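> 3D, please:
(chains A and B)
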Amino acid sequence: MTRIISAFAIGLVFGIGILVSGMANPAKVLNFFDIAGTWDPSLAFVMGGALIVTAIGFRLVLSRSHPLLAGGFSLPTKRDIDVKLLGGAAIFGVGWGIAGFCPGGVVPALGLGRSEPAIFVAALVAGMLIVRLIETARTRAAPSAG
Amino acid sequence: MTEFTPVLSATGGILIGLASVMLMAALGRIAGISGMIGGLLPPVTAGEWGWRLAFLAGMIAAPVVLLGATGSMPVIEVPSSTGMLVIGGILVGIGVSYGSGCTSGHGVCGMARLSARSIAATLTFMLTTGVTVFVIRHVIGG
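Numbering: from 1, shown residues only, chains lettered A, B, ... in the order given. Sure, this is the predicted structure:
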């Protein structure tokens, strides 16, 4: 239960940060990328502020033997920069540029009670399920390839 | 036009960073929002469902808490049409699944850990987002 309450409270802080920063506002996000037009450089300050805190904070936290409420740290283990990573990132960017929402930006926007964030999230989940279906089919077609 | 808000944006960024550090300190997990959403979909890993749902619920509660604290709801403006939200959403869902993350997981958490994968992914999606916005606003729209 402590884990659940902690996760909720930390998610709340994260969500407030997203809203205050402007990342939940597609008009602001799209203007950040529109250098040739109505450029709004604000979002550079979001990433700057976040990175200063995480760069220092992660170093301190990860020097401990384990987290407060779990047995160990779950960190990504993949190291290779492959077509899947870069292709996926490229597709994500195209979608972000079309809609103006990214996953972290849209979740707090859901709480505003507007229809657009809900439409985007439904489509986002559909996209994730499409990939799972494709990958399941591929694994079945070539079981030896793993 | 949107107003240039360096102080608010940096403050929001610092809160995002603090929450990411707190999640690592408490549960030992990366604050990647696409990973949390994806982790709620089948097949789910036992023991990993509850905290993800709670974190996302906390994020959804943020506007109401801000309303209580400041007396006003944050205002957003969505210039994209419904069709663009649907197409964009599907592409984001596919992209983050293959790319193993989004702005939060790669852009904030991964970059802070100097992960080469996250730095490569972040540079890639920042570039394609910029190109997409340019094409929509200045090639098609212009």
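> switch to C-alpha atoms for all contacts and neighbour counts from now on
OK.
> the helices in chain A, which residues?
For chain A, the helices defined by DSSP state H occupy A:2-21, A:26-33, A:42-62, A:83-99, A:103-110, A:115-141.
> could you say which one of those comes nearest to B:Cys109?
Closest to B:Cys109 of the helices of chain A is helix A:42-62 (C-alpha to C-alpha; 6.7 Å).
> buried residues in the closest one, which are they?
A:42-43, A:45-55, A:57-58, A:61 (16 or more other C-alpha atoms under 10 Å in any protein chain shown).
> residue 126 - how many residues pack around it?
Unless you meant another one, I'm taking chain A. 19 (other C-alpha atoms under 10 Å in any protein chain shown).
> wrong one, chain B
Applying other C-alpha under 10 Å, I find that B:Met126 has 21 neighbouring residues.
> how close does it sit to chain A?
Counting by C-alpha to the nearest C-alpha, to the nearest Å, the gap from B:Met126 to chain A is 6 Å.
> which residues of chain B score low on pLDDT?
B:142 (pLDDT under 70).
> could you do chain A as well?
Low-confidence segments of chain A (pLDDT under 70): A:143-146.
> quick revisit: now for the buried residues of helix A:42-62, which pair is the farthest apart?
Maximum pairwise distance among the buried residues of helix A:42-62 (C-alpha to C-alpha): 28.7 Å, between A:Ser42 and A:Val61.
> excluding chain neighbours, what is closest to A:Ala24?
A:Gly105 (4.2 Å; C-alpha to C-alpha, 6 or more residues apart in numbering or on different chains).
> so who does that neighbour touch?
A:18-19, A:23-25 (C-alpha atoms under 8 Å, 6 or more residues apart in numbering or on different chains).
> same list, the helices of chain A, but as a markdown table with distance to B:Val78 please.
Below are the helices of chain A laid out as a markdown table (distance: least, C-alpha to C-alpha, whole Å):
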| stretch | distance to B:Val78 |
| --- | --- |
| helix A:2-21 | 14 |
| helix A:26-33 | 5 |
| helix A:42-62 | 17 |
| helix A:83-99 | 8 |
| helix A:103-110 | 11 |
| helix A:115-141 | 7 |
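> which among those helices is found nearest to B:Arg113?
Between the helices of chain A, helix A:42-62 lies closest to B:Arg113; by C-alpha to C-alpha that is 6.6 Å.
> which pair in the contacts of A:Gly105 spans the largest distance?
By the measure C-alpha to C-alpha, A:Ile18 and A:Asn25 form the most distant pair in the contacts of A:Gly105, at 9.2 Å.
> and the two? Which one has more around it.
A:Ile18 (29 against 24).
> how about the contacts made by that one?
By C-alpha under 8 Å, 6+ apart, A:Ile18 lies in contact with A:24, A:104-105, A:108, B:12-13, B:16.
> please repeat the previous calculation with a cut-off of 6 Å.
A:Ile18 makes contacts with B:Gly12, as judged by C-alpha atoms under 6 Å, 6 or more residues apart in numbering or on different chains.
> which parts of chain B are helices?
B:6-27, B:33-40, B:49-70, B:82-99, B:111-112, B:116-134.
> give me the contact list for the first one.
If you take C-alpha under 6 Å, 6+ apart as the criterion, helix B:6-27 is touched by A:10, A:13-14, A:17-18, A:20-21, A:42, A:45-46, A:49-50, A:53-54, A:57-58, A:61, A:67-70, B:31.
> tilt between that helix and helix B:49-70?
Per axes from the mean of the first three to the mean of the last three C-alpha atoms, to 10 degrees, the angle that helix B:6-27 makes with helix B:49-70 is 150 degrees.
> report the angle between helix B:6-27 and helix A:2-21.
Using the same axes, to 10 degrees: helix B:6-27 against helix A:2-21 is 170 degrees.
> nearest residue to residue 97 in space, please, no chain neighbours.
No chain in the question, so chain A it is. In space, A:Gly97 is closest to B:Thr129, 4.6 Å off (C-alpha to C-alpha, 6+ apart).
> please refer instead to chain B.
A:Met128 (6.1 Å).
> got it, and A:Ala36?
B:Phe134 (7.4 Å).
> what number of residues lie near B:Leu114?
Look at B:Leu114: counted by other C-alpha under 10 Å, it has 12 neighbours.
> who touches A:Leu30 in this structure?
A:Gly100.
> hmm, try it at 10 Å
A:23, A:38-40, A:96-101, B:2, B:78-80, B:129-130, B:132-134, B:137 (C-alpha atoms under 10 Å, 6 or more residues apart in numbering or on different chains).
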